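Enquirer: Sequence and predicted structure are below.
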Amino acid sequence: MAQGLLELQDPSDDQCLEDVGSGYFVELLGRSFFQEVKVDRWGAVESCKMHDLMHDLAIEVAGTECAIVSLNSGGNIGKDTRHVSFDFNINSPKKISSSLVQTRKIRTVLLLDQGYNKWGKSTSNALRSNVKFTCTLDLNCSGITILPKSIGSFKHLRYLDLSDNNFKMLPNSIVNLVNLQTLRLNGCSRLRELPKDLKKLVNLKHLFYLKVI
């Protein structure tokens, strides 16, 4: 949805894009395209596995548009790459920066398997300098204790997941994300307040905040 790939089948109906996307997922699940679906404690789909044959086909069709960067095996990020995920610790900002230096067209950034590692200023700068046009940013469980003001510079963001982090407040700069549609704050148990001008997020449709005590 954040990438603008979904369309309403009947604009005159009460249908929303979330319903369309959910319908596609359920249909693909029924056709065994997806398997071993896991949901998080909030009931949302957390992960699923592609059938091996489907996975191979998807990789072939995607070509260089999608990439997974590993600390050990590296990854092929080219000038045409749009969607990238990192499966190494974000305490390696230089590696993130060097991986992204070849392209300025990244639209999706996923930081996988971060555990509760420290989010540093250098990491923030590396991302901000290289993926300023991204639409989807997943920083779930990244050990963030202070969310940098620079988060407000990602003006094209539509989806931002900050769940399961340790910050106490959101910087006021987050209200500059005028294109943001979904903000996830689930499990941010130390969060004490939201910006007063949150109403400036005129396109915000979904705010998820389920606190675990």
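Expert: Thanks, I have the structure now.

Enquirer: make it CA atoms for all contacts and neighbour counts henceforth
Expert: Fine.

Enquirer: Now do the SS call for residue 60.
Expert: Using DSSP: H, G, I helix; E, B strand; the rest coil, the three-state assignment for residue 60 comes out as helix.

Enquirer: What is the burial count for it?
Expert: One way to gauge burial is a neighbour count; for residue 60, by other C-alpha atoms under 10 Å, it gives 10.

Enquirer: Check residue 183 too.
Expert: Applying other C-alpha under 10 Å, we find 18 other residues in the vicinity of residue 183.

Enquirer: Setting aside sequence neighbours, what's the nearest residue to residue 202?
Expert: Distances taken as C-alpha to C-alpha, 6 or more residues apart in numbering place residue 178 nearest to residue 202, at 6.2 Å, with adjacent residues excluded.

Enquirer: Quick one: residues in contact with the longest helix belonging to the chain.
Expert: In the chain, with assignment by DSSP state H, the single longest helix is helix 17-30. Applying C-alpha atoms under 8 Å, 6 or more residues apart in numbering, the contact partners of helix 17-30 are 1, 6-9, 34-35.

Enquirer: In terms of model confidence, name the weakest of those residues.
Expert: Ranked by pLDDT, the contacts of helix 17-30 bottom out at residue 1, which has 65.

Enquirer: Would you check that residue 202 makes contact with residue 175?
Expert: No - between residue 202 and residue 175 no contact is recorded; they are 9.3 Å apart, counting by C-alpha atoms under 8 Å.

Enquirer: Go through stretch 45-56 and flag the buried ones.
Expert: Of the residues in stretch 45-56, residue 50 count as buried by neighbour count, 16 or more other C-alpha atoms under 10 Å.

Enquirer: gap between that stretch and the chain center?
Expert: Once both centres are worked out by C-alpha atoms, centre = their mean, to the nearest Å, stretch 45-56 turns out to sit 18 Å from its chain's centre.

Enquirer: mind exporting that stretch as PDB, just the C-alpha atoms?
Expert: Backbone C-alpha positions of stretch 45-56 (Å, rounded to 0.1, in the frame of the first residue of the first chain) are rendered in PDB as follows:
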ATOM      1  CA  VAL A  45       0.900 -11.100  10.300                       C
ATOM      2  CA  GLU A  46       4.500 -11.000  11.400                       C
ATOM      3  CA  SER A  47       6.100 -13.300   8.900                       C
ATOM      4  CA  CYS A  48       5.400 -16.000   6.400                       C
ATOM      5  CA  LYS A  49       7.300 -18.300   4.100                       C
ATOM      6  CA  MET A  50       7.100 -18.600   0.300                       C
ATOM      7  CA  HIS A  51       6.900 -21.900  -1.400                       C
ATOM      8  CA  ASP A  52      10.400 -22.600  -2.700                       C
ATOM      9  CA  LEU A  53       9.300 -22.700  -6.300                       C
ATOM     10  CA  MET A  54       7.400 -19.500  -5.900                       C
ATOM     11  CA  HIS A  55      10.400 -17.900  -4.200                       C
ATOM     12  CA  ASP A  56      12.700 -18.700  -7.000                       C
END
